[in-house]
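Student: Test case, fold it:
(chains A and B)
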Amino acid sequence: MSAPAPSPRAWLRAGCITVALVVHGIYALPSPRGIDEADIESPEGREEVERWRELLASLGVTYTHEELAAESLWWSNTLSDAHNTLQRPFRPWMRWTGTGQAWALFASPDTHPHRLEVYIHDGTGWRAVFRRNHPTLDFLDATLRFRRVRGLYDGSTTNQRVPYWNFSRWVAKQAFLAYPEADRVRVQMVREHTTLPWEPADAEEVVKAKRIFKREAILPEDGLVP
Amino acid sequence: MIDRLWGWAIRWVAFWDATEHPRTLGIVRILLAIVILFDFFEIWAYDLVVPLLGPQEVGGWADLMARENPPLLYQWLPAAEWVPRLHHAVLVGSAAFFGLGFFTRTSAVVLMLSWAQVAVTQPLSDRAIDLLCRNVLMIFALSGAGRWGSLDALWSTGSLAGDGKPIGAWPRYLLIVQLVVMYFTAGIQKVGILWMPMGSFAALYVILQDPAIARFDFAYLARAPFFQLTQLGTLVTMVWQWAYPLVFLWYFYKNTPDRPGRLRAFANRWHLTLVWMGVGALFHLLLAVTMELGIFPWAMLALYPAFIDPDEMLQLGTLVRGWVGRPATPPA
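Tutor: Just a heads-up that it's a prediction; the model follows:
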């Protein structure tokens, strides 16, 4: 005896699931994000291109750094554009529901990470009150570690400057409230360079996204001082 | 040829038409809601409701009103301080209702849509795990997950455990597909050379030196044997993520134990579905210990019961009750 034929409802359900799988499959297709000259010229971009160039050279495929950078740029953007075209019809739905498939998690580890630092200025000069992962400089530590806050500053030296500006202003306000002696607050990111254990250490630190706030400019706006 | 295609189509439809007890989906729903509520609680506890959810006009960090296409919430409502507070209340309320199984489907839809507004309000604070949770909520919104361990079940059947009436198994299958897609595509997109032998499998070491992500100062990992352990961790991560789709094969073997084949026999003897789950659980626990990723590992683990079918879940429950309920000394 053969199994009973599926009901119309079962066909409809399977059809809807198939459509959903196809649409999400399109979104899940791995494609490089579009990059620009600035990405490829950044320290981490140059380092990545150089490592690939050396690898290809060891396999007998020779490129100059500039040629490989240009190839990377072209392929990344071509594939990214094609992926965007496929996604376009479904984008309003995905935006409305906040759904999608984008799982490039730690796809390319950052060899030039940024460290958030907060300083206050008083009669004696500048002193640090927060440095990420420092055992004692832990002002607002739990809040600044919160994953939703981390997104505001991690990587903010290259994108979305307004949220970082507002965030750093908020940090300054909290610092003025916590340290009555502070007359200025400085929020900044420090770019470090992670080298591999057998490579020479690179102690150079580059200060980026530095914001300095004055007490008299911050607190009166919030009605906290007359 | 047509007959063969038709046969496949029938099997495809029958696969998605399967039914099962709602307990597994109910458990996933409750666990996920607890994790989500914790995340929303943290927003409130750190006094970040307005900064994270509000426009800069009222103290928020986002320049919503300056955008060409502001979030719907702020197209409908004014840029006032009560709006982000109301938004947060809706998030918390719908997550609580979802966990309690009170108007389960509706609360899943409300939670997903209001969470989507968080994503467009402050994209920088919306991470991969938020996206995954909303995908899962979409599945739950169409499922019978509210038929077990819920106020909906209590209301309609007089018992929190419901009446045991089967629900569609497809939402649980889709949860498994979602996890496989996530792990596999995360694996194949790891194109950074540090994930590869040519990059000395140094990815994990480099990631753990990133002060924005590392939970502690991991400078000591540069020394032997710690660096070698990070290399091993990198290799295992890559192999595990690339091999994740094999879990479908292990399930297929598990459900067809009477068919021949050495690999089938091996997979079933060594319970490879459980091995895949175990490695994943260990992976997430290590992430939770070493990296500052918030709810990411916990929300992922909350989805893991989806791998266990409701009958196995019942056996597991009986086993756990046996351990917990076992008297410390034998009764006289």
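
Student: What segments of chain A are helices?
Tutor: A:8-28, A:37-41, A:43-58, A:65-87, A:91-97, A:141-145, A:147-153, A:161-178, A:215-218 (DSSP state H).

Student: Pull out the buried residues from the longest one.
Tutor: Residues of helix A:65-87 classed as buried by neighbour count (16 or more other CB atoms under 10 Å in any protein chain shown): A:L68, A:A69, A:S72, A:L73, A:S76, A:L79, A:H83, A:Q87. Where you see a C-beta, it was placed from the backbone N, CA and C, and this is true even at glycine.

Student: Isn't the fifth one up against A:G45?
Tutor: Spelled out, it's A:S76. No - shown here, A:S76 and A:G45 do not form a contact pair, counting by CB atoms under 8 Å, at 10.8 Å.

Student: about what we covered before: which one of the helices of chain A lies nearest to chain B?
Tutor: Ranking the helices of chain A by proximity to chain B (CB to the nearest CB) places helix A:147-153 first, at 2.9 Å.

Student: Just give the number of residues close to the residue nearest to B:G168 when sequence neighbours are not counted.
Tutor: Spatial nearest neighbour of B:G168, excluding adjacent residues (CB to CB, 6 or more residues apart in numbering or on different chains): B:T19 at 6.0 Å. B:T19 has 12 neighbouring residues, counting by other CB atoms under 10 Å in any protein chain shown.

Student: Which residues lie in contact with B:T19 in this structure?
Tutor: B:P166, B:I167, B:G168, B:A169 (CB atoms under 8 Å, 6 or more residues apart in numbering or on different chains).

Student: any idea how far the second one lies from chain A?
Tutor: The reference is to B:I167. B:I167 is 12 Å from chain A, where distance means CB to the nearest CB, to the nearest Å.

Student: How about the contacts made by the closest residue to that residue other than its chain neighbours?
Tutor: Spatial nearest neighbour of B:I167, chain neighbours left out: B:G144 (3.0 Å); criterion: CB to CB, 6+ apart. The neighbours of B:G144, taking CB under 8 Å, 6+ apart as the test, are B:P22, B:L25, B:I167, B:G168, B:P171.

Student: Just the ones of those in strands?
Tutor: Using DSSP state E to define strands, the subset of the contacts of B:G144 located there is B:I167, B:G168.

Student: returning to that earlier point: tell me which of the helices of chain A lies nearest to B:W242.
Tutor: helix A:8-28 (14.9 Å; CB to CB).

Student: Now do the shared contacts for A:S76 and A:G45.
Tutor: Between them, A:S76 and A:G45 share these contacting residues under CB under 8 Å, 6+ apart: A:I35.

Student: Any idea how far the helix or strand encompassing B:V279 is from the middle of the chain?
Tutor: Assigned by DSSP states H and E, B:V279 falls within helix B:272-290. Between the centre of helix B:272-290 and the centre of its host chain there is 13 Å, according to CA atoms, centre = their mean, to the nearest Å.

Student: so, in contact with chain A or not, that helix?
Tutor: No - using CB under 8 Å from any CB of the partner chain, helix B:272-290 never reaches chain A; the gap is at least 10.3 Å.

Student: buried sites along that helix?
Tutor: B:L272, B:T273, B:W276, B:M277, B:V279, B:G280, B:F283, B:H284, B:L287, B:A288, B:T290.

Student: Closest to chain A out of those residues?
Tutor: B:L287 (10.3 Å).

Student: need the contact list for the closest one.
Tutor: B:L293, B:F296, B:P297.

Student: Look up how far A:I17 lies from it.
Tutor: 31 Å (CB to CB, to the nearest Å).

Student: cool, and A:R169?
Tutor: Applying CB to CB to A:R169 and A:I17 gives a distance of 48 Å.

Student: Mind telling me which residue of the stretch 1-150 of chain B is nearest chain A?
Tutor: Residue of the stretch 1-150 of chain B nearest chain A, by CB to the nearest CB: B:A116 (2.7 Å).

Student: Are we agreed that that residue is in a helix?
Tutor: Yes - counting by DSSP: H, G, I helix; E, B strand; the rest coil, B:A116 falls inside a helix.
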